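Student: Sequence first, then the predicted structure:
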Amino acid sequence: MDTSELTELAQQLRVDSVRVADTAGSGHPTSSMSAADLMAVLLANHLRYDFDHPDHPGNDRLIFSKGHASPLLYSMYLAAGALDEEEFGTYRTLGSRLEGHPTPRLPWVDVATGSLGQGLPVGVGMALAGRRLDHTPHRVWVLSGDSEMAEGSVWEAAENAGDQHLDALTLIVDVNRLGQRGPTRHQRDLDAYGRRLRAFGWHTVEIDGHDVEAVERAFNEAESTSDKPTAIIAGTRKGRGVRAVEDREGMHGKPVKDAEEAIAELGGRRSIRVDVARPQAAPGNGAARSRPLSLPRYEIGDTVPTRDAFGEALTALGHAHEDVVVLDGEVGDSTRAEYFAKEHPERYFECYIAEQQMIAAAVGMQAVGHSPYAASFAAFLTRAHDFLRMAAVSRASITVAGSHAGVSIGEDGPSQMGVEDLAMFRSIHGSTVLQPCDANQAARLVAATYDLEGVRYVRTMRSGTPVVYGPDEEFPIGGSKVLRRSDADRVTLIGTGVTVHSCLEAADALAAEGIAVRVIDMYSLKPVDGDTLAAAAEDTECLVTVEDHHPEGGLGDAVAEAFGDGRPAPRRLVRLAVTNLPGSATGEEQRRAAGIDAESVAAGVRLLAEKIIR
């Protein structure tokens, strides 16, 4: 399109943003209007996308990091003919695909946005995959607001992109001066953003974002820049084109009061349709090949850390499936993700100490067809909780491994102890949460995650634990294992991970005293095996959960929730968990201090025996 046509298209996008928010009675039209010229030029002259085939590997990727500008995105889809007027009018209504912030309910939306500061980190993941794995000609375009440039995750992404020379990545910063409650930190100081981005190795272009000729030149410059990502830093005015709202505070997140007057001021409705350019033909690599999976095998009685089994199983998965990629938070030697790196270096991505970027990159990579495994210490994954939450909103399928879990890590002290992670991952919509107690179980569960959907979490341990299962044992997701059972059982001990061994040792000690207890290995904490728990409650009347985790949100809550569907509950449910604030000590001393070691578990059962065992 030429300059006059682009100007008209931009006005159409503004008009449609105003009217769709007016119809809904809510939305962010003014945030959409500031970026309309930028997106008009992109849509008409630079985006390569086949809306009939959104899974085409050559499609460009467009991420609206400022997801509240969804009226603009949906107006673009309308202009491209991907949406019709009828569906356009359902914006923000029950059952509509046009949600207040974009989600993959629409096939042209790769990831959910709206939690600010996440679009660029996800875009980095997509661009990394394109550069190092897929070698596709597609570009990644990220529209960002200026307010979200205050987020630390943006600068994790900026450094990563510069370091990796992601020249297919273009960040478009809509510097419209106004945030939600008032002016942004740098207002319209374009060079304030430029200086920072250039320091991270970016090429920058500073323009008037309402000058479509300047915008066109900037996009051309971005496409011709090699070996560096490009940031187009565009000075704009919020609510552009409507005097009642343009560059005025207090207009954020509100429909324009008089939509008819605003539309008239913008020149009235238009019906321009854009024939968006189709992508270039993608390289003919075909689907990723799969080979037979050969998992590591461990002998019963050996002592093996589950983190070692994780690393070895992950490496085996890499041999079996070419789409498996691994992302590390600079602790691969500890999580054992480095085992994968040694055999599959081209599919190993070092994200350094940037857990938010690590999870975001995993989300971006799965959106372009890969199967990511991201690993760090369980404690440090809490930094990325919002990214994990949004991964679920994105319908993303990623596996996350958290090692060095619980107080059992020992002398490093409480800053390194993940004792909140199970609660965090269990709270994520559609998640699967697994905690193996031995090496063969760990290998099997890691392999099982490959075929699951949603966010999957595997919790591993630093220290070695005895191998109690044979290498051919099966561990279905949502299952459990009963390791001790008799008709005389009156108490059931339920462990997960390291506490399974505490329960087994306690059961053996109690058996020598004539006290029969059942032992369940609850390796799947979400979904949980309600049938086995119900049978134990009926047979023994008393359930005791033992976990190396805070009592809130972990094993105890998972077991209690299993009886929330009307199943007969146990007469007593006792929870043993980490309630103290640990210091530095050995793992065994830590478990003893927390009351989750074998001796403490046995002592607790003896107290119960005085009351309930006859």
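Tutor: Yep, that arrived. Residues are numbered from 1 along each chain as shown.
Student: ranges for the strands of the stretch 451-600 of the chain?
Tutor: Remark: strands assigned in the stretch 451-600 of the chain by DSSP state E, counting those that start in this stretch are 455-459, 464-466, 481-484, 491-495, 517-521, 524-526, 542-546, 572-576.
Student: Same check on the stretch 51-200 of the chain?
Tutor: Under DSSP E, counting those that start in this stretch, the stretch 51-200 of the chain gives strands at 61-64, 140-145, 169-175.
Student: As TSV, those strands with distance to Ala127 and mean pLDDT would be great.
Tutor: Using the backbone N, CA and C atoms, a C-beta is placed for each residue, glycine as well. Shown next, in TSV, are the strands of the stretch 51-200 of the chain (distance: least, Cβ to Cβ, whole Å; pLDDT from 0 to 100):
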stretch	distance to Ala127	mean pLDDT
strand 61-64	8	98
strand 140-145	5	98
strand 169-175	4	98
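Student: Save these as TSV, and put in mean neighbour count and distance to Glu411 too.
Tutor: Compiled in TSV, the strands of the stretch 51-200 of the chain are given as follows (neighbours: other Cβ atoms under 10 Å; distance: least, Cβ to Cβ, whole Å):
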stretch	mean neighbour count	distance to Glu411
strand 61-64	24	43
strand 140-145	27	43
strand 169-175	28	42
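Student: Those into JSON lines, with extra columns for distance to Arg273?
Tutor: Converted to JSON lines, the strands of the stretch 51-200 of the chain look like this (distance: least, Cβ to Cβ, whole Å):
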{"stretch": "strand 61-64", "distance to Arg273": "18"}
{"stretch": "strand 140-145", "distance to Arg273": "21"}
{"stretch": "strand 169-175", "distance to Arg273": "23"}
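Student: sorry, back to before: pipe the strands of the stretch 451-600 of the chain into JSON lines and attach distance to Pro436 and mean pLDDT per row.
Tutor: As requested, those are arranged in JSON lines below (distance: least, Cβ to Cβ, whole Å; pLDDT from 0 to 100):
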{"stretch": "strand 455-459", "distance to Pro436": "7", "mean pLDDT": "98"}
{"stretch": "strand 464-466", "distance to Pro436": "9", "mean pLDDT": "96"}
{"stretch": "strand 481-484", "distance to Pro436": "11", "mean pLDDT": "98"}
{"stretch": "strand 491-495", "distance to Pro436": "12", "mean pLDDT": "98"}
{"stretch": "strand 517-521", "distance to Pro436": "9", "mean pLDDT": "98"}
{"stretch": "strand 524-526", "distance to Pro436": "10", "mean pLDDT": "98"}
{"stretch": "strand 542-546", "distance to Pro436": "16", "mean pLDDT": "97"}
{"stretch": "strand 572-576", "distance to Pro436": "20", "mean pLDDT": "96"}
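Student: Let me know which of the ones you listed is the nearest to Ala362.
Tutor: Ala362 lies closest to strand 455-459 among these, at 9.8 Å (Cβ to Cβ).
Student: who does the closest one pair up with?
Tutor: Counting by DSSP bridges, the strands paired with strand 455-459 are strand 398-403 (parallel), strand 432-434 (parallel).
Student: Run through who's touching the last one.
Tutor: Under the criterion Cβ atoms under 8 Å, 6 or more residues apart in numbering, residues 422, 425-426, 445, 448-449, 452, 454-459, 477, 523-527 lie in contact with strand 432-434.
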